[in-house]
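> have a look at this fold, sequence not included:
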């Protein structure tokens, strides 16, 4: 059943996130501030956090999760199909749409579960105590997608893929941006390798989502308890 999501704001995040490719970006290449008023507060090899100066999250005890936009790495479809001989095993445009729809479904399920469990009930309404979470997954690269379950071809991979999360936090009433976090992840990394399958890919994706969601809950809990950003 489709749930009505909060209104999707226009994202400054995409302009920022697409301006550089994580994790290759060097520290000197990251802007210390953004055109929408955020200041760089934390940076790692794989990501960064921007916050509104002197912003307080103390008033927020509920969260609205807006539509997640999922975009593949540029030319992913062409590059993946280049070495696939059997037409039945090639990824189609329809397969890409189905993958994004399934990933979005899992995203909402995981984030809403973790937020509710962490003491931040989810809602679809704007209010003074509601923080709007605007999620985006960009540069999605699935190394061995399984679009034909009937195929007998076995594919082994050292990881499921790669993707970058761009997460923006807004005041749900005013629409003012409060924070932006960017994080690059290698999904399902395994030194021994594993056989790719739909279930294995989905499990690895969900594990990454759970990690992201738990980190969000921890950050919100810490910000709320201190009354600061």
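Nice, I can see it. Nothing here was measured: the structure is a model prediction, and the numbers come from that model.
> so which bits of the biggest helix by length in the chain are buried?
Scanning the chain for the helix with the most residues, using DSSP state H, yields helix 198-226. For helix 198-226, burial by neighbour count (16 or more other Cβ atoms under 10 Å) applies to 200-202, 204-206, 208-209, 212-213, 216-217, 219-220, 223-224. Heads up, the C-betas are built off the backbone N, CA and C, glycines and all.
> try stretch 74-86
The neighbour-count check on stretch 74-86 (16+ other Cβ under 10 Å) flags 76, 77, 80 as buried.
> the first one against residue 143, yeah?
No: using Cβ atoms under 8 Å, residue 76 and residue 143 do not qualify as a contacting pair, with a distance of 10.2 Å.
> sketch out the low-pLDDT regions of this structure for me.
For the chain, the stretches flagged by pLDDT under 70 are 1-28, 147-158, 190-196, 227-229.
> now the residue sitting nearest the centre point of the chain. Nearest residue, chain neighbours left out?
Nearest to the mean C-alpha position of the chain, counting by Cα atoms, centre = their mean, stands residue 165 at 3.3 Å. Leaving aside its sequence neighbours, residue 165 sits nearest to residue 183 (Cβ to Cβ, 6 or more residues apart in numbering; 4.9 Å).
> which strand residues bridge the one you found?
Per DSSP bridges, residues listed as beta-bridge partners of residue 183: residue 47, residue 165.
> now the one 4 residues further on
In this structure, residue 187 has beta-bridge partners residue 161, where bridges are defined by DSSP bridges.
> neighbours of it, how many?
The tally of other residues near residue 187 (other Cβ atoms under 10 Å) stands at 20.
> thought it was touching residue 165?
No: counting by Cβ under 8 Å, residue 187 does not reach residue 165; the two are 11.0 Å apart.
> run through who's touching the helix or strand hosting residue 63.
Assigned by DSSP states H and E, residue 63 belongs to strand 62-65. Applying Cβ atoms under 8 Å, 6 or more residues apart in numbering, the set of residues contacting strand 62-65 from outside is 5-6, 108, 111-112, 115, 120-127, 129-133, 135, 172, 220.
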